[in-house]
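A.B. asks: just need the structure, nothing else, for what follows:
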Amino acid sequence: MPTTNANSYKALVVWQKGMGLAKQVYQLTETFPASEKYGLVAQMRRAGVSVPSNIAEGQARRSRREFAQFVSHAEGSAAELETQLILSTELGYCTGGRVQETLDLIEEVRKMLWAFRRRLATDN
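C.D. replies: Next up is the predicted model:
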């Protein structure tokens, strides 16, 4: 088992950053057009929530290999979210410093996830 404490994922900085990212996505999408409620808003929120959720679920798995697989899913969700945010910007749904701040946070989280996955895969 990757860890002995059932709640240890909460201590992971990458999980904490992922939670911050999910909250930021919810705040950012509040101003999107109502017509996107079931489109980009729903997709972006799901992708944002998926990042810390996959870390938590992976920690609950029985092996480091499974944990690494869920971290990989979190990486995919972060990339999906980045694409959706870029599209939202190009469509004019969001602009300004908050967008760049969110893109920067996505990049930071993606780098952390990559490093964490590699560590899980190489540590015994």
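
A.B. asks: leaving out sequence neighbours, find the closest residue to Met19.
C.D. replies: Excluding the flanking residues, the one nearest Met19 by Cβ to Cβ, 6 or more residues apart in numbering is Pro52, at 4.8 Å. For every residue, glycine as well, the C-beta is placed using N, CA and C.

A.B. asks: please save the CA atoms from the helix or strand containing the one you found in CSV.
C.D. replies: Secondary structure from DSSP states H and E places Pro52 in helix 40-59. What follows is helix 40-59, C-alpha atoms only, in CSV (Å, rounded to 0.1, in the frame of the first residue of the first chain):
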residue,chain,number,x,y,z
LEU,A,40,-17.9,24.1,-21.2
VAL,A,41,-18.9,25.1,-17.6
ALA,A,42,-19.8,21.5,-16.8
GLN,A,43,-16.8,20.0,-18.6
MET,A,44,-14.3,22.4,-17.0
ARG,A,45,-15.7,21.9,-13.5
ARG,A,46,-15.6,18.1,-14.0
ALA,A,47,-12.0,18.2,-15.2
GLY,A,48,-11.0,20.5,-12.4
VAL,A,49,-12.6,18.3,-9.7
SER,A,50,-11.1,15.3,-11.3
VAL,A,51,-7.5,16.4,-10.6
PRO,A,52,-7.6,16.1,-6.8
SER,A,53,-10.2,13.4,-6.9
ASN,A,54,-7.9,11.1,-8.8
ILE,A,55,-5.1,11.7,-6.4
ALA,A,56,-7.3,10.8,-3.5
GLU,A,57,-8.7,7.7,-5.2
GLY,A,58,-5.2,6.6,-6.3
GLN,A,59,-3.9,6.9,-2.7
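
A.B. asks: need the contact partners of it.
C.D. replies: For helix 40-59, the external contacting residues (Cβ atoms under 8 Å, 6 or more residues apart in numbering) are 2-3, 8-9, 12, 14-15, 18-19, 21-22, 24-26, 28-29, 32, 66-71, 73-74, 77-78, 80-81, 84-85, 87-88, 93, 109, 113.

A.B. asks: thinking again about what came up before, what's around the residue nearest to Met19, how many residues?
C.D. replies: If you count neighbours by other Cβ atoms under 10 Å, Pro52 ends up with 25.

A.B. asks: same thing with Glu107?
C.D. replies: 12.
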